[in-house]
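A.B. asks: Here you go, sequence then predicted model.
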Amino acid sequence: MTNETTEAMPSFEPSAILPFNNQSPAPQPDRPTTNAALDALLHNSLRPTPCDVHGPGPLLLSDIPTGIRKNNDRGVILGIDEAGRGPVLGPMTYAAAFWDPNADNIPSDFNDSKQLSAEKRGSLFKKIKSSESIGFVLRVLHASEISRNMLRRMPYNLNAMSHDAAMEMIWAVLDAGVKIDTAYIDTVGIADSYRQKLERVFAGKGITFIVEKKADAKYAPCSAASVVAKESRDTIIANWKWTEMPNYEPQNSNEFGSGYPSDPKCKSWLESNTNVDVPFGFPDFVRFSWGPAKNALKEGAAKCGPIVRWEADEDEEDESGGKQSSLDSFMVVKGEGKGRKIGNLEDLKRKRPRLGVFNELGLSKVTQFVEAT
């Protein structure tokens, strides 16, 4: 037995990593607080309210290295890359890394994170987290944020989300008082179009944008960002905490593999967990907007999914002054030996019992709205 004690990590305010009134989150005050915030994001699946149901997700800006603050006139070099664009499970992570171009203690072996071994990538991530010269930004787009954006009436697609995440990180660095000389970005979509978009948004900021395919394998800041993004996503996945518990326990626990649709473990997990959490279909770890998730819900609905029907308010009038018809009145189904039957909503109400989840969660019908004072 030893008398060694472990120094506790400093606490931080979770709401400080969410944008407020279109303002970027402030940088963390020091590296220990930065790493405490990072640990909460990566190991505790931190999703500060309200980003779990509305608005953009967490954006963590590290402390600004002292060397950058002292020599800010010449500007930093900054790189941006992402991880987890294609999986049906879990978040997509965007990261930026930046440093003074004259800093002499930057690791020389940065490379595209996908080309590095897990051990090498983990070692570089530790160096970044402990570095006195490297600043970084992490933007986490959880599956719930991706799903609700892509399932809007006017879809907000993944390319647009990717562009906006990159610009959010650039603004966060600029708003912290850091001048950016050159930004290296691994392209999403057509490189020239993306570069021109960035130049329009940041006109007058003096930033040179280099947007290319495989930029993470060419430019060290972009490679460092790739390491932060990849290691962060992998850690989140490995330590995922289910927000639906204790009323929900996934089948096969966390045995979902890489989260990519082509992974047999992922495919098996999706099949096993379809409609386990009735009537919600899947936990918020799943990207509902992805084809494999949609197909799994369709195929599983016949077995155990609820039938959802919408009925207009009987007292509500339409634009012409007439009362709206129930959507169910447009439905025509076959009756048992009686030809065709129209408007079977009342029959369904009588035949189908109330789903147990409403009782488990203590949910009841809203009968009255009271205006807050």
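C.D. replies: Noted; the coordinates are in hand. Computed from a prediction, not measured in an experiment: that's the story for all the values here.
A.B. asks: any weak-confidence spans in the stretch 151-300 of the chain?
C.D. replies: 277-278, 300 (pLDDT under 70).
A.B. asks: Show me how far whichever strand or helix holds Ile210 is from its chain's centre.
C.D. replies: Here Ile210, judged by DSSP states H and E, is contained in strand 208-212. Relative to the chain's own centre, strand 208-212 is displaced by 25 Å; criterion: Cα atoms, centre = their mean, to the nearest Å.
A.B. asks: quick check, Lys120 in a helix?
C.D. replies: Yes: under the criterion used here (DSSP: H, G, I helix; E, B strand; the rest coil), Lys120 sits inside a helix.
A.B. asks: Identify all contacting residues around stretch 35-51.
C.D. replies: Taking Cβ atoms under 8 Å, 6 or more residues apart in numbering as the criterion, the residues outside stretch 35-51 that touch it are 9-12, 14-18, 28, 57-58, 60, 129, 138, 140, 142, 145, 232, 235-236, 239-241, 243. In this view, the C-beta of every residue, glycine as well, is placed from N, C-alpha and C.
A.B. asks: Make a PyMOL selection of the buried ones in the residues you listed.
C.D. replies: Buried residues within those, by 16 or more other Cβ atoms under 10 Å, are selected in PyMOL with:
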select buried, resi 12+14+16+17+18+28+57+58+60+129+138+140+142+145+232+235+236+240
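A.B. asks: Tell me where the stretch 51-200 of the chain has helices.
C.D. replies: Read by DSSP state H, counting those that start in this stretch, the stretch 51-200 of the chain holds these helices, from start to end of the chain: 66-70, 118-130, 143-150, 158-175, 191-201.
A.B. asks: Which neighbouring elements make contact with the first one?
C.D. replies: The one in question is helix 66-70. Helix 66-70 is packed against no helix or strand, with contacts defined by 3 or more Cβ pairs under 8 Å, 6 or more residues apart in numbering; DSSP states H and E.
A.B. asks: returning to that earlier point: so which of the helices of the stretch 51-200 of the chain comes closest to Phe288?
C.D. replies: Closest to Phe288 of these, according to Cβ to Cβ: helix 143-150, at 4.2 Å.
A.B. asks: Off-centre distance for that closest one?
C.D. replies: Between the mean C-alpha point of helix 143-150 and the mean C-alpha point of its chain there is a distance of 7 Å (Cα atoms, centre = their mean).
A.B. asks: can you check stretch 13-26 too?
C.D. replies: Stretch 13-26 sits 16 Å away from the centroid of its parent chain (Cα atoms, centre = their mean).
A.B. asks: if we can go back for a sec, just the buried residues of the helix or strand following the strand holding Ile210, please?
C.D. replies: Once strand 208-212 ends, the next helix or strand along the chain (criterion: DSSP H and E) is helix 220-238. Residues 220-237 are the ones in helix 220-238 that count as buried (16+ other Cβ under 10 Å).
A.B. asks: quick revisit: closest to Gly84 out of the helices of the stretch 51-200 of the chain?
C.D. replies: Between Gly84 and those, the shortest separation by Cβ to Cβ is 9.6 Å, and it involves helix 143-150.
A.B. asks: what helices or strands is the closest one leaning on?
C.D. replies: Using 3+ Cβ pairs under 8 Å, 6+ apart as the contact definition, the elements that helix 143-150 packs against are helix 158-175.
A.B. asks: what angle sits between the helix it packs on and helix 143-150?
C.D. replies: Inter-element angle recorded for helix 158-175 and helix 143-150: 120 degrees (by axes from the mean of the first three to the mean of the last three Cα atoms, to 10 degrees).
A.B. asks: begin at 23 from here
C.D. replies: Sure, I'll start counting at 23 from here, so that last one is helix 180-197.
A.B. asks: in helix 180-197, what counts as buried?
C.D. replies: Within helix 180-197, the residues that count as buried by 16+ other Cβ under 10 Å are 180, 183-188, 190-195.
A.B. asks: Contacts only, for Ser84.
C.D. replies: Pro49, Gln50, Arg53, Thr56, Gly157, Phe158, Val159.
A.B. asks: Now do the fourth one: how many residues are near it, please.
C.D. replies: Around Thr56 there are 22 other residues, counting by other Cβ atoms under 10 Å.
A.B. asks: Wasn't it part of a strand?
C.D. replies: No: membership of Thr56 in a strand is not supported by three-state DSSP, which gives helix.
A.B. asks: And it, how far from Ile86?
C.D. replies: In this structure, Thr56 and Ile86 are 10 Å apart, going by Cβ to Cβ, to the nearest Å.
A.B. asks: repeat for the second one
C.D. replies: In this structure, Gln50 lies at 9 Å from Ile86, with Cβ to Cβ as the measure.
A.B. asks: swap in the fifth one?
C.D. replies: Distance from Gly157 to Ile86, counting by Cβ to Cβ: 6 Å.
A.B. asks: Between the two, which is the more surrounded one?
C.D. replies: In this view Gly157 and Ile86 are compared by other Cβ under 10 Å, and Gly157 has more residues nearby, 27 against 19.
A.B. asks: Give the helix, strand or coil label for Ala318.
C.D. replies: From three-state DSSP, the assignment for Ala318 is helix.
A.B. asks: got any residues that touch both of Gly157 and Ile86?
C.D. replies: When contacts are counted by Cβ under 8 Å, 6+ apart, Gly157 and Ile86 are jointly contacted by Pro49, Val200.
A.B. asks: Could you pull out the helices in the stretch 223-372 of the chain for me?
C.D. replies: Taking DSSP H, counting those that start in this stretch, the helices of the stretch 223-372 of the chain run over residues 242-260, 286-295, 313-326, 367-373.
A.B. asks: Sounds good, over and out.
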